[in-house]
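Student: pasting the structure only:
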């Protein structure tokens, strides 16, 4: 009976439902009725306020291996090198009193120089690295109140960020906290929702944490490293693949032969001369070919790593089944399947977390210009047709290309 009462009390504190109609007693209209993160706030295990991400320590080390580093760089460098712009949102009505031009310049200056030591590329590369490694890219945002530089941005180690599992959506309630290894929760640095941009990939309903591609490929990378180390030892001849069998040799003769081989033959390059009544026989444990290196197995594991990152094996160095007709399609697949979704995720976070929550300028958005870019000839033909049909104006086409209005260009000349 005591256990049942404790379980009921835990469910009551966790926001369990009451009443037969499926509504909580006294719940106000517009509030959430379901329980967030039910697997964490279950009756069996009560979670604390700060929840650490159960990330394997080897993820950081795995991210430095050649195959994984190639996969991360293919995505990270492509996104970080994209051309971008800050523009006014079409669905938001900006008043006539708002100085749109000055705010756009301030936002662009803020992103180009986020802090005294970083540029936009170096800042976003750090966040993408953590997002691809463990699904926990993080950027700290601090509003300055200066209209010429409305906020300052710093990259944060996402592995040190813990999430408040009991956050109720209140902007003044801390949602995140930075806790160093071995540090108590009482010494954590609390951060509100408008102070931290948390870039989480593959979000799920049963956990507040994201799932990075390297986490998906964790076992595959571990198996690849084991196979690679075995092949390296085998190729370096540090693993014996054969044995010498002497028939009817006494233990004394056996030991004498071992000492003679180690002292006179091994590592000297001399030709061994053996005179026995019976010819020694060499017993091979393997075929002595490239099949012993398990190259086909390593190639399969590389393909699995590429699948985890959403990339074709071509971009990780496997070119055996690629020709001219398929190379362009595989490159487009990599852009649509791995690069474009991450770029859209980052653009959405900058628009919603930085512009709207941190600064409070909801009438602006951040976009990557390369996401909607087709082939240059196709893009030019489409824009010319839209201009001739009167669907777009010259200034709108210039805005799509990241250029200013025609009037400002003429006045500057």
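Tutor: Sure thing, it's come through. Note that the coordinates shown come from a computational prediction; the quantities given were computed from them, not determined experimentally.
Student: When you work out contacts or count neighbours from here on, use the C-alpha atoms and nothing else.
Tutor: Fine.
Student: in the helix or strand residue 78 falls within, what's buried?
Tutor: According to DSSP states H and E, residue 78 maps onto helix 66-80. By neighbour count with 16 or more other Cα atoms under 10 Å, helix 66-80 contains the buried residues 67-68, 70-72, 74-76, 79-80.
Student: and what of stretch 115-123?
Tutor: Buried residues in stretch 115-123 (16+ other Cα under 10 Å): 115, 118, 120-121, 123.
Student: Where does pLDDT dip in the protein?
Tutor: 1-49, 92-98, 237-241, 286-288, 321-323, 372-376, 402, 407-413 (pLDDT under 70).
Student: Mind jotting down where the helices sit in it?
Tutor: Using DSSP state H, the helices found in the chain span residues 2-13, 58-62, 66-80, 100-112, 120-134, 213-216, 218-235, 251-260, 295-309, 324-334, 340-349, 376-389, 394-400, 406-412.
Student: so which of these gets nearest residue 172?
Tutor: Smallest distance to residue 172 across the helices of the chain (Cα to Cα): 19.4 Å, for helix 340-349.
Student: which helices and strands sit right next to the closest one?
Tutor: strand 196-199, strand 364-368 (3 or more Cα pairs under 8 Å, 6 or more residues apart in numbering; DSSP states H and E).
Student: and it, which residues are buried?
Tutor: 340, 342-344, 346-349.
Student: could you give the angle of the longest strand that the chain contains to helix 100-112?
Tutor: When the chain is parsed with DSSP state E, its longest strand is strand 137-146. Interaxial angle, strand 137-146 versus helix 100-112 (axes from the mean of the first three to the mean of the last three Cα atoms, to 10 degrees): 140 degrees.
Student: Give me the nearest residue to the most centrally placed residue in the chain, chain neighbours excluded.
Tutor: Centroid-nearest residue in the chain: residue 132, 1.2 Å away (criterion: Cα atoms, centre = their mean). Of all residues not flanking residue 132 in the chain, residue 212 sits nearest, at 5.0 Å (Cα to Cα, 6 or more residues apart in numbering).
Student: distance of the one you found from residue 191?
Tutor: 23 Å (Cα to Cα, to the nearest Å).
Student: ditto for residue 202
Tutor: Taken as Cα to Cα, the span from residue 202 to residue 191 is 23 Å.
Student: Those two: which has the busier surroundings?
Tutor: A count of neighbours by other Cα atoms under 10 Å puts residue 191 above the other of residue 202 and residue 191, at 21 against 10.
Student: quick one: contacts for the residue lying closest to residue 235 once chain neighbours are set aside?
Tutor: Using Cα to Cα, 6+ apart and skipping the chain neighbours, the partner closest in space to residue 235 is residue 293 (7.6 Å). Residue 293 makes contact with 230-231, 234-235, according to Cα atoms under 8 Å, 6 or more residues apart in numbering.
Student: By neighbour count, which of those wins?
Tutor: Counting by other Cα under 10 Å, top hit in these: residue 231 with 19 neighbours.
Student: Touching, it and residue 294? I think so.
Tutor: Yes - between residue 231 and residue 294 there is a contact at 7.2 Å, judged by Cα atoms under 8 Å.
Student: Identify the residues contacting the closest residue to residue 338 other than its chain neighbours.
Tutor: For residue 338, ignoring the flanking residues on the chain, the nearest one in space by Cα to Cα, 6+ apart is residue 310 at 5.1 Å. Neighbour list for residue 310: 334, 337-338 [criterion: Cα under 8 Å, 6+ apart].
Student: Give me the buried subset of those residues.
Tutor: 334, 338.
Student: between the contacts of residue 310, which is nearest residue 389?
Tutor: The closest of those, once distances to residue 389 are taken by Cα to Cα, is residue 337, at 33.1 Å.
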